[in-house]
Structure formats: C-alpha cells, structure tokens
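J.: Requesting a structural model of the entry that follows:
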Amino acid sequence: MFGCESAPTGATGAESAGPAASGREGVAVPAEASEAPILGSAVQLTFPQQFRKAGESYFSPDGARVIFQAVPSGDGTAGDDAGYAMFLADVVRDGDSPIRLERVRQISPPGAHNTCGWFHPTDPDLVIFGTTLRPPAGDEVPGYQRGTSRYRWAFPPEMRVVQVRIDPASGEPGPLEVIAGDGTAYAAEGSISPDGRALLFTKVDPVTQGDLWVRDLASGEERALVVEPGYDGGPFFSPDGRSIIYRSDRSNDNLLQLFTADVVRDTGGRITGVSAERALTANGHVNWCPFYHPSGSMAAYATSEIGHGNYEVFLIDVRDPSRRVRVTHVPGADVLPAFSPSGRHMIWTSKRDGSGTSQLWCAPFDADAARAALDASARPASGPAR
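T.: Just a heads-up that it's a prediction; the model follows:
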C-alpha cells in the first residue's frame, strides 16, 4: 500500500539522492541549519549492512521499543522483489534521546509480505501488523511503476491484520492471531484507538478500491467509516481519539490529499461513523503518511511538493491547514514521520546517508519551535511552503 508498505520514488526507488549526511551507529549527525530549530541532531538507527531498506517505524507507548518493516541485506532476492518483514527492536537512549537499536528481531512469518506495524496503546507487549502469513501467490511487489506518473501499490488478497503478544522477558513473539481480514481481500494499514477499543484499518473493495473500516475489538463488529471512490488509507486516530487522519486519491488524478474527520460514537462508546470530513490539502502534489503529534494540534506528513525525487516531511496545523511548514531539508527522500509518545522526538525513513537505501533516522523535535513556525506560516493552502 501507499504510505505504509510501499513508498514513492526517492523513498524506496533505486535513485541515489545526492550528497548526504553519513550516519554511524550511536553518533548524532549535526543538525542541518535549515532543519533547526524544529529538528535537532539526527541519529541513524538502521544501516545498509543490516537492511537493504527499512521504513515505517513507530514507538511503543512507553517509548522503549520500535516496530518497523525492512528487507534484510543478503536475503537472496533481487531488486524490489522482496516483501518486507516485520521487526521489533529495543531503543537504547543517551538521556532522553534514542541513539541506537538493540535486540533487533523478526516477528513476522518467513517468506510472508508484511506491512504497517503498530503497538497496542495500553499494552506495550501486544503488537499488530499486516501480513500475508505465507509467501503471497501473486507477483505484485510494492514500489513505484517507472516510466509513468502512476504509482503501483501492492494489494495481495492474502494480507490481513494480526496481533501477536511479545514475551516481556525473552522479547520473542507468540502465536499470530488474525483480527481483521479473511485472506480473500487486502486488509492492512491498521492502528488502534487510544483507549484500545477500536481497530482502524483499510480494506480493499473492487468497486471503491480502498475504504476505511473500524472493528470493535471487544465485540468483533466491523463497519465501514469512509467509503468513497478511490483509495482511502493510512488512517490514524488523534491522540484524544475524537478524530482520524488519512490520505485519499479520490480525485483519481494520481495525487494524494490529506483528510481528517470526526469520530461518531453511540451511547455505549462504539464507533458508528465519521462526520465533518475536512480536506487538509488540495494541491497538485502527492501528500501521504500523515501522523498526529501528541499535542493533537499538528500533524507531520510527506509530500512531493519539492519534487518526486526528493520527498520531504512537512508539518500542518490540523485546525488551520493554511499553516504549513517544511521540516526536512536534506537531499534524499524523507518520508513516513512519526513521533515518540512524549512528542520530543521524530522518527522517520530517509535516504540521507548517501547509500541510496531507505533507513530509519531519529532526531529531537522541538514542538514549541514547530508551533511558532506554523503560526508564522499562514498562507493559501496551495501556496509555496516557507
């Protein structure tokens, strides 16, 4: 999928992205002047010696671990033919700042294609992710369809959402349990509401392409939330659980735009629908992988606004989307941003190390500086970023 399993040109494509800041394990790369003061000195967390490509990482609710998807180096496959495996790792810190990953272990089945890992918000030893459980029968692989302006997404019908409990002592995964999808239509891109009650995910329909669904984890009841032409996906709950954020290509113009909507609940607290859908972007760019900052007032996302060969991370004010600001400024794609539970660090996928591979990076994030930059950036939503 787009914004979860696969990434656009410059993110997982073969192009090298020019000069970059080369990282070493546990060594912070001095902050780029153009990225300060929002971002501090970045640390590279994964390396091409470990992974041919790595991406889409999220912190556990206690900040002690990360989950991410990656293709190990030397896995025996050629080009982009390998599907992602799902990995879990412990975060080693220097004070408050992550400096490296330890005990990196694969938690997905051998040969399966996997995507979109996520931690249960109230149970850090329970994780979810999308998986085909075994090698998929089709020949679809995630990635950019070269030679056209179109993006090719991989929707193996075997993909479903599973949960797995991680042994707190050994760190090893237990048995996988399917919680959404039946193996006949793609179901993935899952996240869980802050109260742990609802699973939000994308299900592919042959007519509407991709819709947002919610599953009440207590009752097992599922219902569609966003059913529009085109692909709606990559959804996350706001920190207070009252709204969701996602991206959509419903205009059928090969672009993606960001949306939010309010969550509607019945008297028992079950999610029954959404209301007041709002477009955060409406421009001529690919905007994807939105993720709320824990403050709830802003979200990070990646965009082609600078160019398809150099996707960059931007911030947007979710209450006033005329306020946007560019965050990353280094040559090489920067995509799939997420925040630590405290909001003091941003973790993302970048090609800034000069190797031509997508790897995980993390940097201190100054929310006050970000808010000040947003407040100073008000302009028409389609205008150039400052």
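J.: Might you list the low-confidence residue ranges for the stretch 51-200 of the chain?
T.: Within the stretch 51-200 of the chain, the stretches with pLDDT under 70 are 75-81, 139-153.
J.: So which residues of it form helices?
T.: Taking DSSP state H, counting those that start in this stretch as the criterion, the stretch 51-200 of the chain carries no helices.
J.: Per-residue pLDDT of residue 24, please?
T.: pLDDT recorded at residue 24 is 59.
J.: ok, now the one 5 residues further on?
T.: The pLDDT attached to residue 29 in the predicted structure is 63.
J.: what do you get for the one 5 residues further on?
T.: You'll see residue 34 listed with a pLDDT of 88.
J.: Which residue ranges of the stretch 101-250 of the chain form strands?
T.: 114-119, 126-131, 143-144, 151-152, 160-166, 173-180, 187-192, 198-205, 209-216, 222-226, 232-237, 243-248 (DSSP state E, counting those that start in this stretch).
J.: Endpoint to endpoint, stretch 89-108 covers what distance?
T.: 13 Å (CA to CA, to the nearest Å).
J.: Can you list the buried residues in that stretch?
T.: 89, 91, 97, 98, 99, 100, 101, 104, 107, 108 (16 or more other CB atoms under 10 Å). C-beta: built from backbone N, CA, C; applies to glycine.
J.: Farthest pair within those residues?
T.: Greatest spacing in those, by CB to CB: 97 and 108 (28.5 Å).
J.: Now residue 167. Nearest residue, chain neighbours left out?
T.: In this structure, residue 167 finds its nearest non-sequential neighbour in residue 174, 6.7 Å apart by CB to CB, 6 or more residues apart in numbering.
J.: Please tell me how far that neighbour sits from residue 106.
T.: 14 Å (CB to CB, to the nearest Å).
J.: out of the strands of the stretch 101-250 of the chain, nearest to residue 346?
T.: Set against residue 346 and scored by CB to CB, the strands of the stretch 101-250 of the chain come closest in strand 232-237, at 14.9 Å.
J.: So which residues of the stretch 251-386 of the chain form helices?
T.: Counting by DSSP H, counting those that start in this stretch, the stretch 251-386 of the chain has helices at residues 367-375.
J.: got any ranges where it has weak pLDDT?
T.: Applying pLDDT under 70 to the stretch 251-386 of the chain flags the ranges 379-386.
J.: And the strands in it?
T.: Taking DSSP E, counting those that start in this stretch as the criterion, the stretch 251-386 of the chain carries its strands at 257-265, 271-279, 287-292, 298-303, 312-317, 324-326, 334-339, 345-350, 359-364.
J.: will you turn these into JSON lines that also has mean neighbour count and distance to residue 57?
T.: Shown next, in JSON lines, are the strands of the stretch 251-386 of the chain (neighbours: other CB atoms under 10 Å; distance: least, CB to CB, whole Å):
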{"stretch": "strand 257-265", "mean neighbour count": "19", "distance to residue 57": "20"}
{"stretch": "strand 271-279", "mean neighbour count": "14", "distance to residue 57": "27"}
{"stretch": "strand 287-292", "mean neighbour count": "26", "distance to residue 57": "11"}
{"stretch": "strand 298-303", "mean neighbour count": "26", "distance to residue 57": "13"}
{"stretch": "strand 312-317", "mean neighbour count": "24", "distance to residue 57": "14"}
{"stretch": "strand 324-326", "mean neighbour count": "22", "distance to residue 57": "21"}
{"stretch": "strand 334-339", "mean neighbour count": "26", "distance to residue 57": "7"}
{"stretch": "strand 345-350", "mean neighbour count": "27", "distance to residue 57": "5"}
{"stretch": "strand 359-364", "mean neighbour count": "25", "distance to residue 57": "5"}
